[in-house]
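In: what would the 3D arrangement of this be:
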Amino acid sequence: MPAPIIEADGLGIQFVRNRRRQLRLRDLVIHRGRRGGISDGRFWPLRDLSFSIEAGDTVGVIGRNGTGKSTLLRLIAGVLIPDEGRITVRGDVAPLLELSAGFSSELTGRENLYLVGGLHGLSARYLRRHFDEIVTFAGEQVERAIDTSVRHYSSGMKVRLGFAIISHLPHPILLMDEVTAVGDAEFRRKCYATIERLLGEGRTLVLVSHNEQDLTRFCRRGFYLDAGRMSVDGTIDEALAAYHRAVAR
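Out: Numbers count the residues shown, from 1 in each chain. As a prediction, the model looks like this:
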């Protein structure tokens, strides 16, 4: 049996919400840098998560806001480093997360296409060969502005270009965070068709979404996170049922 493509064991990460920054100057003088009962705001958005995902699995991550869903994607992507446990990812990741991340506002759309594509491992030769295809996918607005500085792009144009680039990655693992919530109806149709094509190629998907139609359309398996811990690891219907029960309480 091949090893799981994603495997977590006792996974946890700690954040610090630094409340001291919100203190008035008078309070800081009085406390003279001592904690004096002031909380440092340490908390665990995720803790004690253990799971394995096989190649070709499609997993929807469900939970209320603030339960660590997006944090989990960032741990899988390697953007965050765990404080407890371990996570092993056996394959390259195509992160459809913050789609305009990595863009330089001083560069043109054309230059950013090569920059971001190169950062994700695409060769300049590959990008030249697929340049027209990527830009056409991004839409007419981006096509017209491809040699304009990205600082003049709307947020929607940046997202379109980002999705067009990342969706061309050959990587076996797709991480998606509410990607299909952006853009107009035509762009969403393009997104859906692209995702279905990639899944048809046997890619592994981990999707965070509040859209139940997207979750049931793309995912067979579901994780329901509650207070940063795994409450349900089952079918997507079982995970959604647990979420509905929690919301109804």
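In: sec struct for A239, please.
Out: State at A239, reduced to three classes by DSSP: H, G, I helix; E, B strand; the rest coil: helix.
In: and L72, what is it in contact with?
Out: L72 sits next to 46, 49, 61, 206, 208, 223, 225 when contact means Cβ atoms under 8 Å, 6 or more residues apart in numbering. C-beta coordinates here come from the backbone N, C-alpha and C atoms, glycine included.
In: Provide the secondary structure category for the closest residue in space to the second one that isn't next to it in sequence.
Out: Same thing as L49. Spatially, and ignoring its direct neighbours in sequence, L49 is nearest to L11 (4.2 Å; Cβ to Cβ, 6 or more residues apart in numbering). Look at L11: counting by three-state DSSP, its state is strand.
In: L11: what's it in contact with?
Out: With contacts defined as Cβ under 8 Å, 6+ apart, the neighbours of L11 are 46-50, 75, 82, 84-87.
In: L113 against G162, yeah?
Out: No - L113 is not in contact with G162 according to Cβ atoms under 8 Å; the separation is 9.7 Å.
In: strands of the protein, start to end?
Out: 6-16, 42-53, 58-62, 84-89, 93-96, 173-177, 204-208, 221-226, 229-235 (DSSP state E).
In: which one of those strands lies closest to S104?
Out: S104 lies closest, by Cβ to Cβ, to one member of the strands of the chain: strand 93-96, at 17.9 Å.
In: packing partners for that closest one?
Out: Here strand 93-96 touches helix 69-77, helix 155-166, strand 173-177, going by 3 or more Cβ pairs under 8 Å, 6 or more residues apart in numbering; DSSP states H and E.
In: neighbouring strands for it, and are they parallel or not?
Out: Paired neighbours of strand 93-96 in the sheet (DSSP bridges): strand 173-177 (parallel).
In: for the strand it pairs with, buried residues please.
Out: For strand 173-177, a neighbour-count test (16 or more other Cβ atoms under 10 Å) marks 173-177 as buried.
In: still on that earlier bit, in a markdown table: the strands of the chain, plus distance to E140.
Out: Shown next, in a markdown table, are the strands of the chain (distance: least, Cβ to Cβ, whole Å):
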| stretch | distance to E140 |
| --- | --- |
| strand 6-16 | 37 |
| strand 42-53 | 38 |
| strand 58-62 | 32 |
| strand 84-89 | 37 |
| strand 93-96 | 22 |
| strand 173-177 | 25 |
| strand 204-208 | 28 |
| strand 221-226 | 37 |
| strand 229-235 | 41 |
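In: just put those in a markdown table and tack on mean pLDDT.
Out: Below are these laid out as a markdown table (pLDDT from 0 to 100):
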| stretch | mean pLDDT |
| --- | --- |
| strand 6-16 | 95 |
| strand 42-53 | 94 |
| strand 58-62 | 97 |
| strand 84-89 | 97 |
| strand 93-96 | 88 |
| strand 173-177 | 93 |
| strand 204-208 | 96 |
| strand 221-226 | 97 |
| strand 229-235 | 96 |
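In: D214: which of the ones you listed is closest?
Out: strand 204-208 (7.0 Å).
In: who touches the closest one?
Out: Strand 204-208 has contacts (Cβ under 8 Å, 6+ apart) with 5-6, 53-61, 69-70, 72-73, 76, 91, 172-178, 195, 198-199, 214-215, 218-219.
In: most neighbours, which of the contacts of L11?
Out: L46 (27 neighbours; other Cβ atoms under 10 Å).
In: what bridges to it?
Out: According to DSSP bridges, beta-bridge pairing links L46 with I13.
In: the one 5 residues further on too?
Out: F51 has the following beta-bridge partners by DSSP bridges: A8.
In: how close does it get to D57?
Out: Taking Cβ to Cβ, to the nearest Å as the measure, F51 falls 10 Å from D57.
In: and if you look at A164?
Out: Applying Cβ to Cβ, the value for A164 to D57 is 26 Å.
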